[in-house]
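In: Below: sequence and its predicted model.
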Amino acid sequence: MMTTGGKKSKAKVVAAALAVVVFAVVALPFLLDADQFRPQIETWLSGALGRQVKLGKMRLALFSGGLSVDDISIADGPGFSAAPFVTADALDIGVELAPLVFSKKVHITSISLDRPSIVLRRSAKGEWNFADLGAKEAPTGKAGEAAPAAVAGVSIDRLTVTGGRVEIVEGEKAPAVYEKVNLSVGAFSPAAVSPFTLSATLPGGGTLGMTGTFGPMGAQGDMMQTPLAAQLAIDGFDLVASGYVPADAGVAGLLDFSGDLNSDGKTARSKGKATASNLRLAKGGENASKPVTLDYDLGYDLKGKTGALSDATVTFGAAALHLGGAFDASGDATRLRMKLKGGGVPVEELQAFLPALGITLPKGASLQGGTLDMEITAAGALDDLTMDGAVAVAETRLAGFDLGGKLAPVAKAAGLKSNPDTLIEKLGAGLRWTAQGVAVNDIQLVMPDLGELSGAGTISPRQELDFAMRATVRPAGGDVAALTQGRAIQVTFFVQGDASDPKFIPDYKDAVRSILGSVFPGKGESSGDGGKGLTDALKGIFKR
């Protein structure tokens, strides 16, 4: 049994040991000049990155088990900029303390950057300033001095970036800035696969989150060839605020993505679902009132900077269309050629999307029932798209709009009944969307209450209408029916004003000429004095 004196003796030994430990903890930072390791670590990091690395004053951070650096800068790639590629206010380097204290050797276990500023630049040739990181040893402060041999087998247990700011500069475009960039990489080694998580705030708002693995690092000095397997989630990506689409392009929207992203270093592939809200695709258009979803499968050639969208499904409520095509991002502006197709699509589902294409219905009107067949091709640069297409609508109703009422004098004279809605049996047209607006050609419209209409026209970016139309009307009664004995007449009219309040202007002289042609086949207005008297009478009929 231990005596009281023995217990006290043991307690004194423990207390003395603790005192030594406390003294060592307190005194070691003062006794060991951590700044003496700065040249060694600068050389190690420069060799690992292939860029000149400069560190500020270093201090021993005993409780965190490493070295603390006041600031850091990493040089940009050759031919890009004299300004640093990376700067940071603080750098924490985790080291093994025993080799550091007893052998003055630095074994790095972790690196943590706090609030770094990173500038990613893309040259006119499409090359990025980060692509050659780690591809070659950077020059050191002393001629002939090589980086440590350990660089070839760099291994770091943990690499973190906290509160970073990433600025992406591409040519003359306004820089895109990503804030609150947080990155965590575990068991990092250029020669192995490393797990990572990444989060950031997107330009103009929105968030990005990614988790997965990458590595081994790309061969031949190109980090873009590094294999990657990750899950990607993007919320609220603003096409315009991000700088991806120029503000004057007429294209806008907020996108959400959820899917996977995989790359073998040569080809990247992403599959998942994208949802676009407030979508707009044409100058002068308005935001779509309902979201559009896209189930996609996208492939991308990393070297050629070209890609293809496999048959993707575009959904508007219960309506489904199919989208496919290719794009080329190798130039200053991304160019694409895409085709959107659909058959038997419910018309009502699509009317919320029409404003995005620069098509506005008359005020108070809505489409009810019917189906749509369509095929639209979009081609050109994103900031100067041209879209060509053909549409065919069957058995729909433009509720709340009376076309016969807009042509009241003609309809009344022909004995046609007024209807609060415009019934459309068949509608076909060709369309072209450009920066100058929408051109509508080869319009063929069949309406049971009025007759057949044909023509063409334009809709300006300000929704101004300029159409020339011709209606073939078969009188159902009234003065004109009596004169023509039921034979059809043709009336030219013009549609002006704007899309929300169109103005229909009949050409009465042309209507009279058509009626005279029915009464006096082959003579028209050249039927002598009797013909002139009849012309005056008809003008009076239309102006009642």
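Out: Sure, I can see it. Residues are numbered from 1 along each chain as shown.
In: OK, contacts around the residue nearest the centre of the chain?
Out: Nearest residue to the geometric centre of the chain (CA atoms, centre = their mean): L239, 4.6 Å. Listed by CB atoms under 8 Å, 6 or more residues apart in numbering, the contact set of L239 reads V245, V251, A252, G253, L254, L255. Using the backbone N, CA and C atoms, a C-beta is placed for each residue, glycine as well.
In: so the second one touches G285, yeah?
Out: This points to V251. No. If you go by CB atoms under 8 Å, V251 and G285 don't touch, sitting 9.1 Å apart.
In: quick check, G79 in a strand?
Out: No. Looking at G79 with DSSP: H, G, I helix; E, B strand; the rest coil, it is coil, so not inside a strand.
In: which phi and psi does the closest residue to it other than its chain neighbours have?
Out: Of all residues not flanking G79 in the chain, S123 sits nearest, at 7.4 Å (CB to CB, 6 or more residues apart in numbering). Backbone torsions for S123, taken as degrees, to the nearest 10, come to phi -80, psi 170.
In: What is the burial count for S123?
Out: S123: 14 surrounding residues under other CB atoms under 10 Å.
In: and stretch 361-372, how far apart are its ends?
Out: 16 Å (CA to CA, to the nearest Å).
In: Quick check: the residue nearest to the centre of the chain vs S418, distance?
Out: 45 Å (CB to CB, to the nearest Å).
In: And D301, by the same measure?
Out: 60 Å.
In: same thing with G457?
Out: 25 Å.
In: G77 is in contact with the residue nearest to G79, correct?
Out: No. Look at S123 against G77 with CB under 8 Å: they stay out of range, at 9.3 Å.
In: what's the burial count for the nearest residue to N278 once chain neighbours are set aside?
Out: Nearest non-adjacent residue to N278, counting by CB to CB, 6+ apart: N287, 4.2 Å away. Residues lying near N287 (other CB under 10 Å) number 13.
In: just for the stretch 251-400 of the chain, where's the confidence low?
Out: The model of the stretch 251-400 of the chain has no residue with pLDDT under 70.
In: switch the cut-off to 90
Out: When residues are selected by pLDDT under 90, those of the stretch 251-400 of the chain lie in 251, 265-266, 280-290, 302-305, 310-311, 316-319, 329-334, 348-364, 382-385.
In: buried ones in stretch 119-133?
Out: V119, L120, R121, R122, E127, W128, N129, F130, A131, D132, L133 (16 or more other CB atoms under 10 Å).
In: go on, stretch 261-281?
Out: So, applying 16+ other CB under 10 Å, buried residues of stretch 261-281: 261, 263, 265, 268, 270, 272, 274-276, 278-281.
In: Among the residues you listed, which one lies nearest to L336?
Out: Lowest distance from L336 to those (CB to CB) belongs to L281, with 12.2 Å.
In: Run through the residues that contact that closest one.
Out: G250, V251, A356, L357, L385, M387, W433.
In: Out of the residues you listed, who's the most crowded?
Out: Going by other CB under 10 Å, W433 tops these with 25 neighbours.
In: what helix or strand is A48 on?
Out: helix 38-49 (DSSP states H and E).
In: so after that helix, what's the next helix or strand?
Out: Using DSSP H and E, the first helix or strand after helix 38-49 is strand 53-55.
In: which neighbours does that next one have in its sheet, and in what orientation?
Out: Here strand 53-55 is paired, per DSSP bridges, with strand 72-74 (antiparallel).
In: following the partner strand, which helix or strand comes up?
Out: strand 86-88.
In: what's the spacing between that next one and its chain's center?
Out: With CA atoms, centre = their mean, to the nearest Å as the basis, strand 86-88 stands 29 Å off its chain's centre.
In: can you check stretch 318-325 too?
Out: That offset, for stretch 318-325, works out to 17 Å (CA atoms, centre = their mean).
In: And the strands in the stretch 251-400 of the chain?
Out: Assigned by DSSP state E, counting those that start in this stretch, the strands in the stretch 251-400 of the chain fall at 252-263, 267-280, 292-301, 306-316, 319-328, 335-346, 366-368, 371-381, 386-399.
In: list the buried ones in the last one?
Out: In this case it means strand 386-399. M387, G389, V391, V393, A394, T396, R397, L398, A399.
In: list residues touching both of S123 and G77?
Out: What both S123 and G77 touch, as defined by CB under 8 Å, 6+ apart, is the set N129.
In: hang on, the earlier thing: and the helix holding A48, what other elements does it pack with?
Out: strand 53-55 (3 or more CB pairs under 8 Å, 6 or more residues apart in numbering; DSSP states H and E).
In: so after the strand it packs on, what's the next helix or strand?
Out: According to DSSP H and E, the helix or strand after strand 53-55 is strand 58-61.
In: Next secondary structure element downstream of that next one?
Out: strand 66-69.
In: quick one: strands adjacent to that next one?
Out: Going by DSSP bridges, the partners of strand 66-69 are strand 58-61 (antiparallel), strand 90-95 (antiparallel).
In: Redo those strands as JSON lines? Include distance to F493 and mean neighbour count.
Out: Listed next are these as JSON lines, based on distance: least, CB to CB, whole Å; neighbours: other CB atoms under 10 Å:
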{"stretch": "strand 58-61", "distance to F493": "84", "mean neighbour count": "18"}
{"stretch": "strand 90-95", "distance to F493": "74", "mean neighbour count": "21"}
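In: Can I get these in JSON lines including distance to G343?
Out: Listed next are these as JSON lines, based on distance: least, CB to CB, whole Å:
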{"stretch": "strand 58-61", "distance to G343": "67"}
{"stretch": "strand 90-95", "distance to G343": "60"}
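In: Measure how buried D466 is and give me the count.
Out: With other CB under 10 Å as criterion, D466 counts 14.
In: my read: it touches Q496, true?
Out: Yes. If you go by CB under 8 Å, D466 and Q496 touch, sitting 6.4 Å apart.
In: ok now do the residue lying closest to the residue nearest to the centre of the chain once chain neighbours are set aside, which residues does it touch?
Out: In this structure, L239 finds its nearest non-sequential neighbour in V245, 4.5 Å apart by CB to CB, 6+ apart. Each residue near V245 by CB under 8 Å, 6+ apart is listed here: L239, V251, A252, L382, D383.
In: 6 Å instead, please
Out: Residues counted as contacts of V245 (CB atoms under 6 Å, 6 or more residues apart in numbering) are L239, V251, L382.
In: which SS state does G250 fall under?
Out: Applying three-state DSSP: G250 is coil.
In: Report how many residues lie close to the closest residue to it other than its chain neighbours.
Out: The shortest distance from G250 to any residue other than its chain neighbours is 3.3 Å, reached at K283 (CB to CB, 6+ apart). K283 has 20 neighbouring residues, counting by other CB under 10 Å.
In: what do you get for V473?
Out: V473: 25 neighbours (other CB under 10 Å).
In: Identify all residues paired with it through a beta bridge.
Out: Assessed by DSSP bridges, V473 has beta-bridge partners I489.
In: Domain-wise, how is the chain divided?
Out: 31-226, 227-363, 412-420+450-542 (automatic domain parsing).
In: Which of these has the lowest mean pLDDT?
Out: Of all these, domain 412-420+450-542 carries the lowest average pLDDT, namely a mean of 70.
In: Please identify the buried residues of stretch 496-507?
Out: In stretch 496-507, counting by 16+ other CB under 10 Å, buried: D498, A499, P502, F504, P506, D507.
In: One more: stretch 162-179?
Out: T162, G164, R165, V166, I168, V169, E170, A176, V177, Y178.
In: Please apply the same query to stretch 331-346.
Out: Those would be A333, T334, R335, L336, M338, L340, K341, G342, V345, P346, for stretch 331-346 by 16+ other CB under 10 Å.
In: could I get those as CSV with distance to I72?
Out: Formatted as CSV, these follow (distance: CB to CB, whole Å):
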residue, distance to I72
A333, 36
T334, 35
R335, 40
L336, 41
M338, 45
L340, 49
K341, 54
G342, 55
V345, 57
P346, 59
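In: Out of the strands paired with strand 66-69, which gets nearest to A312?
Out: strand 90-95 (44.4 Å).
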